[in-house]
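Chemist: Got a predicted structure here, sequence first:
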Amino acid sequence: MRCKGHNKSALEEAAGVIRAGGLVAMPTETVYGLAADASNDMAVAKIFEAKGRPTFNPLIAHVSGLEMARTLVEFSPLAEKLCQAFWPGPLTLVLPRREDSALSLLATAGLDTAAIRAPSHPMAQALIEATGRPLAAPSANRSGSISPTTAAHVEDTLKDRVDLILDGGAASIGIESTIISVAEDQATLLRPGGIPRSEIEAISGVSLRMPDQDAAPSAPGMLASHYAPSACLRLNATAPTAREVFLAFGRHDESHPYTLNLSRKADTREAAANLFAMLREADALCAANTLSGLAAAAIPMDGLGEAINDRLMRAAAPRS
Ligand code: TXA
Ligand code: MG
């Protein structure tokens, strides 16, 4: 069932579903999340089942703010500074799990750390407030496919697998949160996302380390192929072939009939907000017109470009 808008009865119903151990698709400013009570093992298990997600991949716990977060994980002064600067918003911190943390061990996949974020979307905040519980929520899509930025996207793939969909409109940021792991005074960028690296470095005064590429993935979800459309995706294309859908960026000749422009004004924020919806649209165009695949123009690395390029590379990676 899908509930529109920020109305009290929809929220109360959603909170009831969460308390009863069910699944609610909730809007956040990044992408829609598939939420369950993060302290309830059975509820968390339902998330993995609905997503078809490998259970070794831990989930982000969504909290109302620093106060709730402190009951779940340990904060160093640097971690606290980052939260003060960027919460609520698209920053996820991976921090040591508290011994007495209420988080389900399944939600954190048995790790001694946990990923935490306070979303800024008013409906996500209201749902956390109404339940008084941390909400485990991965993106509300089947594992490996494109993240949803509207309630309709969620309905497309998870309709029968979720108890309630809260419709909070199109996600304003459109790309997942930036994930940073903090150990004392060291911070490592695990996933580029909704807040540009430069902004985090400028405000925190630390330079973000890059994860050790040779080690096992430090964010276990960072498998090479992810966010994948059904059609093949070619990167850094200067022009499409006649049988490709073109994902353009900036000023381009748009006479090609299958052109979608991520941002005509070459703004990486606008492109991030359009990315997943346009990947879906391109996929549908490809199927409807039996085209050969998708071609994406080069995207600069500044601002949210780093996160966009990360998602495009995974979408283009060989499928396992
Ligand atoms: O914007 C977002 O972050 C969205 C919205 C719904 O909040 N959520 C999201 O969740 O993107 P998900 O599950 O698709 O991605 C979470 C990532 C995964 O790659 C997971 O492996 C990583 O966070 N992660 C979770 N816990 C971790 C931990 N303890 N250590 C390292 N990585 C962790
Ligand atoms: Mg995801």
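Modeler: Sure, I can see it. In this text, all values refer to a predicted model and were calculated from it rather than measured experimentally. Numbering: from 1, shown residues only. Ligands and ions are numbered 1, 2, ... in the order given.
Chemist: Tell me the span between the first and last residue of stretch 130-147.
Modeler: 26 Å (C-alpha to C-alpha, to the nearest Å).
Chemist: Could you check how far Phe276 is from ligand 1?
Modeler: Distance of Phe276 to ligand 1, computed by C-beta to the nearest ligand atom, to the nearest Å: 11 Å. Any C-beta I mention is one placed from the backbone N, CA and C, and that applies to glycine too.
Chemist: Wasn't that residue part of a helix?
Modeler: Yes: the assignment for Phe276 (DSSP: H, G, I helix; E, B strand; the rest coil) places it in a helix.
Chemist: Make 40 the first number, not 1, from now on.
Modeler: From this message on, residue numbering opens at 40, which makes the last subject Phe315.
Chemist: quick one: it from Leu50, how far?
Modeler: 25 Å (C-beta to C-beta, to the nearest Å).
Chemist: Do you know the pLDDT at Ser243?
Modeler: Note on Ser243: pLDDT of 88.
Chemist: re the thing from before, who's more crowded, Phe315 and Leu50?
Modeler: Phe315 (27 against 20; other C-beta atoms under 10 Å).
Chemist: Tyr71 is in contact with that one, correct?
Modeler: No: counting by C-beta atoms under 8 Å, Phe315 does not reach Tyr71; the two are 10.1 Å apart.
Chemist: okay, and the common contacts of these two?
Modeler: Shared contacts of Phe315 and Tyr71, defined by C-beta atoms under 8 Å, 6 or more residues apart in numbering, are found at 186-188, 192.
Chemist: Next, give me the two most distant ones among these.
Modeler: Ser186 and His192 (8.1 Å; C-beta to C-beta).
Chemist: Need the residues touching each of those two.
Modeler: 71, 180, 315.
Chemist: residues contacting the last one?
Modeler: Yep, that's Phe315 we're talking about. Contacts of Phe315 (C-beta under 8 Å, 6+ apart): 70, 185-188, 192, 213-214, 266, 350.
Chemist: at 10 Å instead, please
Modeler: 70, 178, 180, 184-189, 192, 210, 213-215, 266, 268, 350, 354 (C-beta atoms under 10 Å, 6 or more residues apart in numbering).
Chemist: Flag the shaky bits of the stretch 90-239 of the chain, pLDDT-wise.
Modeler: Residue ranges of the stretch 90-239 of the chain with pLDDT under 70: 94-95.
Chemist: same thing but at 90, please
Modeler: 91-96, 148-149, 182-184, 196, 198, 223-224 (pLDDT under 90).
Chemist: so where do the helices sit in it?
Modeler: 105-109, 116-125, 161-170, 190-197, 236-243 (DSSP state H, counting those that start in this stretch).
Chemist: Pipe those helices into TSV and attach distance to ligand 1 per row.
Modeler: Formatted as TSV, the helices of the stretch 90-239 of the chain follow (distance: least, C-beta to the nearest ligand atom, whole Å):
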stretch	distance to ligand 1
helix 105-109	14
helix 116-125	13
helix 161-170	8
helix 190-197	11
helix 236-243	15
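Chemist: Out of these, flag the one nearest Asn96.
Modeler: That would be helix 190-197 among the helices of the stretch 90-239 of the chain, by C-beta to C-beta, at 17.0 Å.
Chemist: Just put the helices of the stretch 90-239 of the chain in a markdown table and tack on mean neighbour count.
Modeler: Formatted as a markdown table, the helices of the stretch 90-239 of the chain follow (neighbours: other C-beta atoms under 10 Å):
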| stretch | mean neighbour count |
| --- | --- |
| helix 105-109 | 16 |
| helix 116-125 | 18 |
| helix 161-170 | 20 |
| helix 190-197 | 20 |
| helix 236-243 | 16 |
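Chemist: can you redo those as TSV with distance to His291?
Modeler: Output for the helices of the stretch 90-239 of the chain, formatted as TSV (distance: least, C-beta to C-beta, whole Å):
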stretch	distance to His291
helix 105-109	44
helix 116-125	34
helix 161-170	35
helix 190-197	26
helix 236-243	26
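Chemist: Looking at those, which is nearest to Gly332?
Modeler: The nearest among the helices of the stretch 90-239 of the chain, by C-beta to C-beta, is helix 190-197 at 20.9 Å.
Chemist: what residues does that closest one touch?
Modeler: So helix 190-197 is contacted by 40-43, 62, 64-66, 70-73, 89-90, 178-181, 184-187, 189, 200-201, 204-210, 315-316, 319 (C-beta under 10 Å, 6+ apart).
Chemist: Now with 8 Å, please.
Modeler: 41, 64, 66, 71, 73, 89, 179-181, 184-185, 187, 201, 204-207, 315-316, 319.
Chemist: distance between it and the chain's centre?
Modeler: 15 Å (C-alpha atoms, centre = their mean, to the nearest Å).
Chemist: can I have it written out in PDB, keeping just the CAs?
Modeler: Extracted C-alpha coordinates of helix 190-197, given in PDB (Å, rounded to 0.1, in the frame of the first residue of the first chain):
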ATOM      1  CA  ALA A 190       7.800   6.000  -4.300                       C
ATOM      2  CA  ALA A 191       6.800   4.800  -7.800                       C
ATOM      3  CA  HIS A 192      10.300   3.300  -8.200                       C
ATOM      4  CA  VAL A 193       9.800   1.400  -4.900                       C
ATOM      5  CA  GLU A 194       6.400   0.200  -6.100                       C
ATOM      6  CA  ASP A 195       8.000  -1.100  -9.300                       C
ATOM      7  CA  THR A 196      10.200  -3.700  -7.600                       C
ATOM      8  CA  LEU A 197       9.100  -4.200  -4.000                       C
END
